[in-house]
Each structure stands twice: as structure tokens, then as C-alpha cells.
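Trainee: fold the following for me, if possible:
(chains A, B, C and D)
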There are 2 protein chains.
Amino acid sequence: MTDQTDLRLTPQRMAVLDVLRAAHDHPTAAEVYERVRRSSPRIGSATVYRTLALLVSTGQALELNLGGGAAARYDANVGRHDHAVCEGCGRAVDLDHPVPDGMMAEIARRSGFAITGYDLQFRGICPDCQAHGAGPARLEGPARPQ
Amino acid sequence: MTDQTDLRLTPQRMAVLDVLRAAHDHPTAAEVYERVRRSSPRIGSATVYRTLALLVSTGQALELNLGGGAAARYDANVGRHDHAVCEGCGRAVDLDHPVPDGMMAEIARRSGFAITGYDLQFRGICPDCQAHGAGPARLEGPARPQ
DNA sequence: TTGTATGCAAACATTTTGCAGCGTG
DNA sequence: CACGCTGCAAAATGTTTGCATACAA
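Mentor: Next up, the predicted model:
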């Protein structure tokens, strides 16, 4: 079914990929939709969802889950990198700080898993929110570092 | 505003916490609901959702986001730990393998964030799925253990 | 031409909310 | 015996699917 059949390069798919590559803010599917509409007003949201899923499954985009009830976010930067998510404003910034290789091997050994990768995201308050006083994006809770 | 008003210990809340503490499989809200019903048939799903949110916000449970379109999962093990998620069967197992302190400090320095914590989850194939051939939980991808 | 991709709208799945009555502290 | 909590059902999100048609290759 999902055979690597044909795969066509349609204007809609290009538009979605363009938007994603131009974005530096890890947009949600809804945000991608909104932006794509500016250049392709007749595109449907289903097409955006389908295209994002396609891009993810073909390795041209990453899907981020930043927790909470938040919707999935997408990132055209498919190189290895991590994220820091601001608990004040919800913004996510890219980081590149790989976990030591030995650690992956250690996890594999201890868990018996064949590890194929990992997702690492830091939580904290971004410089802006530290300055203006942490703006509330979540319910309230000044998250306590357990 | 951060009024820690009253907070009552009701049978429903105990039931939810009991289920969560007895569970070792990171159940979704729907699964918790299903299990709680066995002992409290008259409980409503809204109560389960409200209670899970309450437990999370009071630090008595963790919420996990294992990506995909998957629903949030809950964990009564609130001690610091990570997870390995099987791409075959979707199961998540606990791991305890802290990131070195120095790394947190380094991230903080480079990003300007005040880091309060992090979420780390490994992806891979669990021992069972390695044996029986990776069972399909996602779209299809016969993840090949190279 | 051929079958994939699209757009629309309805279907779905999950989580949240409104409200009247219940029951804990 | 006050006020928070509950159950029910409806509403709000976020995402997927069915189908007839448009269009890339």
C-alpha cells in the first residue's frame, strides 16, 4: 500500500516544503497551513497534513513533540540537533550538543534495545522571558526542578 | 492566583493514583480510565482527565509524549529517569541514565536559557521485536536491525 | 492517458468545559 | 454546611479519511 510507488512533485508539496525551509520557528501543522495559504490560497488543510507526514516519512522533515497538549511541530532542519523549549513563551530553539556515543552504547547494553536514535529536549526559561519576567504560556506553575 | 486552594482526597483521586502506581506500562488517559472503571464503575472520563492533570501539576505523576499522533501517557514514577520507546510495538521502558551535569551547564551557557530540566527518550527496537521480527505499530516500515 | 494527489466536508480521536447535585473536610 | 468534586453530555481541538475531480509524469 504505502509502497514507495511513485511520488509526485506537486506545487502543493513544494509550497509546504518551501514554507518549512523558510521557517525558523518550528511551526505546527496549523501554522504551516496558514503560511502556505498565503502563496497557495486554495490548498486544503488535509493536503498540508498529508504532505507533512510524507516529508517526515521520507526524512525531509522532523516532527517534534514538545509535550503538554501541544500539537506536533515540524522542522526542516533534519540534521542531528536538540531543542530547548521555553516554559515561558513556548518557543523552541535549536541546539547542537550530541550525547556522547558511549552513552548510546551503554543504554543499548542495559536495555537490550537496538537503539536507532534519541530525542533530547531541554526545558527552561529563555533569555527574553528571564528579562520580562517569565510570561505565562502554560497554566501557571513556575516549574520546579524536581 | 497560584492559590493552592484546598485539594481534597476523594475516592476517585485515590483510585486513579492507585491504578497509576500499579501500572508499569505508561498507560494513556483512556487506559487509566478503563482500569479505574473496574474498581469505580461510576467514574467519568472527565474526572480521570482532571485527576491526571492534577497529579501532574502537583508532581505526583509525569506526562510522557511519545510522538506520532499518540495520546499522552502517564507515569507514577516521578523520579528522574528516561525512556526507551520501541518503534516496533510502541512499548516504553524506563531507563536511568542521567545526562552529565556539565552538559546542562554548557547548554545553559550557549543558549542563554535558564535550564530547569530535560526530557530524553531513546528510539529503537525492543528485544522482543528484535526476536519476532519488528511488529508493526507505525505505518509499516520493517525497521531492519542492520 | 493513468493513477496519484487534491480539496472539501464529514468522520475521528482526544481532551476540555458547563452545570446541577453530591459529599468531603 | 460550604465549597470543591463528580458525572454527564456537549464543545473544542487536532488530525484523518472518503470521494469525485484535477493534474503530473
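
Trainee: do you know the pLDDT at the residue of chain A found nearest DNA strand D?
Mentor: Chain A approaches DNA strand D most closely through A:Ala46 (3.0 Å), counting by CB to the nearest atom of the strand. For the C-beta atoms, the positions are set from N, CA and C on the backbone; glycine is no exception. pLDDT for A:Ala46: 97.

Trainee: kindly provide the distance from it to A:Leu62.
Mentor: 21 Å (CB to CB, to the nearest Å).

Trainee: quick one: which of these two has more around it?
Mentor: A:Leu62 (19 against 9; other CB atoms under 10 Å in any protein chain shown).

Trainee: now for the more buried one: which residues touch it?
Mentor: A:56, A:74-78 (CB atoms under 8 Å, 6 or more residues apart in numbering or on different chains).

Trainee: is the particular helix or strand that has the residue of chain A closest to DNA strand D in it up against DNA strand C anywhere?
Mentor: For A:Ala46, the enclosing helix or strand under DSSP states H and E is helix A:45-57. Yes. With CB under 7 Å from any atom of the strand as the criterion, DNA strand C is reached by helix A:45-57 at A:45-47, A:50-51.

Trainee: what's the neighbour count on A:Ile43?
Mentor: Neighbours of A:Ile43 under the rule other CB under 10 Å: 17.

Trainee: in chain A, where is pLDDT below threshold?
Mentor: A:1-6, A:68-69, A:133-146 (pLDDT under 70).

Trainee: please enumerate the strands of it.
Mentor: Counting by DSSP state E, chain A has strands at residues A:62-64, A:73-75, A:82-86, A:92-95, A:114-125.

Trainee: so how far is the helix holding A:Ala46 off the chain centroid?
Mentor: 14 Å (CA atoms, centre = their mean, to the nearest Å).

Trainee: buried ones only from the residues of helix A:45-57 next to DNA strand C, please, as a ChimeraX command.
Mentor: Here is the ChimeraX selection string for the buried members of the residues of helix A:45-57 next to DNA strand C, based on 16 or more other CB atoms under 10 Å in any protein chain shown:
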select /A:47,51
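
Trainee: what does chain A put close to DNA strand C?
Mentor: A:5-8, A:10, A:12-13, A:40, A:42-47, A:50-51, A:69.

Trainee: middle-most residue in chain A, spatially?
Mentor: A:Leu64 (3.0 Å; CA atoms, centre = their mean).

Trainee: from what I can see that residue touches A:Ala92, true?
Mentor: Yes. The criterion here is CB atoms under 8 Å, and A:Leu64 meets it with A:Ala92 at 6.9 Å.

Trainee: got a list of what the closest residue in space to A:Gly117 that isn't next to it in sequence touches?
Mentor: Nearest non-adjacent residue to A:Gly117, counting by CB to CB, 6 or more residues apart in numbering or on different chains: B:Arg123, 4.9 Å away. Going by CB under 8 Å, 6+ apart, B:Arg123 touches A:115-119, B:84-85, B:87.

Trainee: nearest to DNA strand C, of the residues you listed?
Mentor: Taking CB to the nearest atom of the strand as the measure, B:Val85 is the one of the contacts of B:Arg123 closest to DNA strand C, at 16.1 Å.
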